[in-house]
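Asks: Structure of the sequence below:
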Amino acid sequence: MRWTEEQVPALTGKTFLVTGANSGLGFETTRALAGKGAHVIMAVRNLAKGEAARARVEGSTEIRQLDLADLDSVRALARALHDEGRTIDVLVNNAGVMMPPRALSAQGHELQFAANHLGHFALTLLVLDLVAERVVTVSSGLHRGGRIHYEDLDGAKQYNRQAFYSQSKFANVLFGLELHRRLRAAGDPRRSLLAHPGYSATNLQLSGPTGALRTFMRMGNAMLAMPAAQGALNILYAATEPGAESGQFIGPDGLREFRGWPGIVPPDPKATDEADAARLWTLSEQLADVQLSGADLRR
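Replies: Next up, the predicted model:
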C-alpha cells in the first residue's frame, strides 16, 4: 500500500520544529504538517528566505533563526525555546549541506560534519527535555559505504567532498540509532527514528557542489530524481505515522531506495555498530560541549 500525504493524521494542537524548513524537503514537510493543523517552527539560516517560504505555507507557522554550522546559534535557539517554556511534540532534524569545497564551521569543524551532524546532535540534546513524542533525523542513502574519519575529522589531511558527505550522513544514522538505544535503556517512551528521501530533486544538490559535479547533479535532478514532495513523504511518515516505531529507518521502497514510497529500510550494517555509535556520541559531546543528562531521559 502506498503511504501518501493524505494519510498524515490530523495534527491540530501539535508543535513541530523543522530545521531547514524554507526549501526542498524541509519546506514540503512544513507545508504538509501545517496543512494537517500542526504549528510548525521553521528553523532557517536565512530569515529573509524563511519569511518568503512561510508566506507560501497555509497554516500556523513561525520563523526562527538557526545556523546549524554555528553551535552558538544552536544554543541561542535552544535557550530561547526554554525561556518561552515551549513544548515540541516532534523535532525534525532535516537541514544539511551537500558536497561543498572544503570549509570550516564557526567552531573550526569540517562544514558538512558540523551542519549535518554536530549541529543537530547539539540541538537534540539541548531541547530533548522539551520534546514530547519523537525525534526524526534525516540521513541519506549515501550513508552506505560511509565511515567516521576519526583520524582526519576536519579533512585537513585529505578531503573528498563525497566521502565527507557520506561521513556526515553515516553519523546521522549512528546518532539516531544510539539515541533510540539510550531512550529504550532509560525506559523512555519517546521515539528516535531515521528517514532518507531517496533521490529527490532539491536545491541541496545544487547549492554545495561546484563545476562538473554541479552539472552532473543538475542533470540527475532533471532526469532521475523524484519530486521533493514525494521524497518528503519518508520524513512525514517517520514524524507522524502512529505505528512508526523507535529505531526504524524509513526510506523509499523502490529499487536501491532511489525512488518509491515510504517503507522500513535497513541501514548499512556498519551504521548499527554500537561501539562506533558510542564513540561518536562521546566525541560529539566533547566537540559540541553538551551532554545528555539523566534528567532529560524520562521514565
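Asks: so where is the stretch 151-299 of the chain shaky, pLDDT-wise?
Replies: Scanning the stretch 151-299 of the chain for pLDDT under 70 picks out 201-225, 298-299.
Asks: how about the strands of it, start to end?
Replies: 191-195, 200-201, 226-227, 249-252, 262-264 (DSSP state E, counting those that start in this stretch).
Asks: Of all these, which one is nearest D72?
Replies: strand 191-195 (25.4 Å; C-beta to C-beta). Placement of C-beta: from N, CA and C, glycine included.
Asks: other SSEs contacting that closest one?
Replies: Strand 191-195 sits against strand 131-138, helix 161-185, helix 228-240, strand 249-252, with contacts defined as 3 or more C-beta pairs under 8 Å, 6 or more residues apart in numbering; DSSP states H and E.
Asks: what angle do it and helix 161-185 make?
Replies: Going by axes from the mean of the first three to the mean of the last three C-alpha atoms, to 10 degrees, strand 191-195 is angled at 160 degrees with respect to helix 161-185.
Asks: going forward, begin numbering at 384 instead of 1
Replies: Right, with 384 as the first residue, what we last looked at is strand 574-578.
Asks: Paired strands for strand 574-578, with orientation please.
Replies: Next to strand 574-578 in the sheet, as set by DSSP bridges, lie strand 514-521 (parallel), strand 632-635 (parallel).
Asks: closest to Q674 out of those strands?
Replies: Using C-beta to C-beta, the strands paired with strand 574-578 put strand 514-521 closest to Q674, at 16.5 Å.
Asks: gap between the closest one and the chain center?
Replies: In this view, strand 514-521 has its centroid 10 Å away from the chain centroid, taken as C-alpha atoms, centre = their mean, to the nearest Å.
Asks: Could you dump the helices and strands packed on strand 574-578 into TSV with distance to R662 added?
Replies: What follows is the helices and strands packed on strand 574-578, written out as TSV (distance: least, C-beta to C-beta, whole Å):
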stretch	distance to R662
strand 514-521	18
helix 544-568	9
helix 611-623	25
strand 632-635	20
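Asks: Relative to G418, which of those is closest?
Replies: When the helices and strands packed on strand 574-578 are compared by C-beta to C-beta, helix 611-623 sits nearest G418, at 10.7 Å.
Asks: Just list what the closest one packs against, helices and strands only.
Replies: By 3+ C-beta pairs under 8 Å, 6+ apart, helix 611-623 packs against helix 407-418, strand 471-476, strand 514-521, strand 574-578, strand 583-584, strand 632-635, strand 645-647.
Asks: give me that answer again for 10 Å
Replies: strand 398-402, helix 407-418, strand 471-476, strand 514-521, strand 574-578, strand 583-584, strand 632-635, strand 645-647 (3 or more C-beta pairs under 10 Å, 6 or more residues apart in numbering; DSSP states H and E).
Asks: R574 is nearest to which of the helices and strands packed on strand 574-578?
Replies: R574 sits nearest to strand 514-521 of all the helices and strands packed on strand 574-578, at 3.9 Å, using C-beta to C-beta.
Asks: List the buried residues of the closest one.
Replies: V514, E516, R517, V518, V519, T520, V521 (16 or more other C-beta atoms under 10 Å).
Asks: what residues are up against the closest residue to the second one other than its chain neighbours?
Replies: If the residues on either side of it in the chain are set aside, E516 comes closest to D472, at 4.8 Å by C-beta to C-beta, 6 or more residues apart in numbering. Neighbour list for D472: 394, 396-400, 421-422, 513-517, 622-623 [criterion: C-beta atoms under 10 Å, 6 or more residues apart in numbering].
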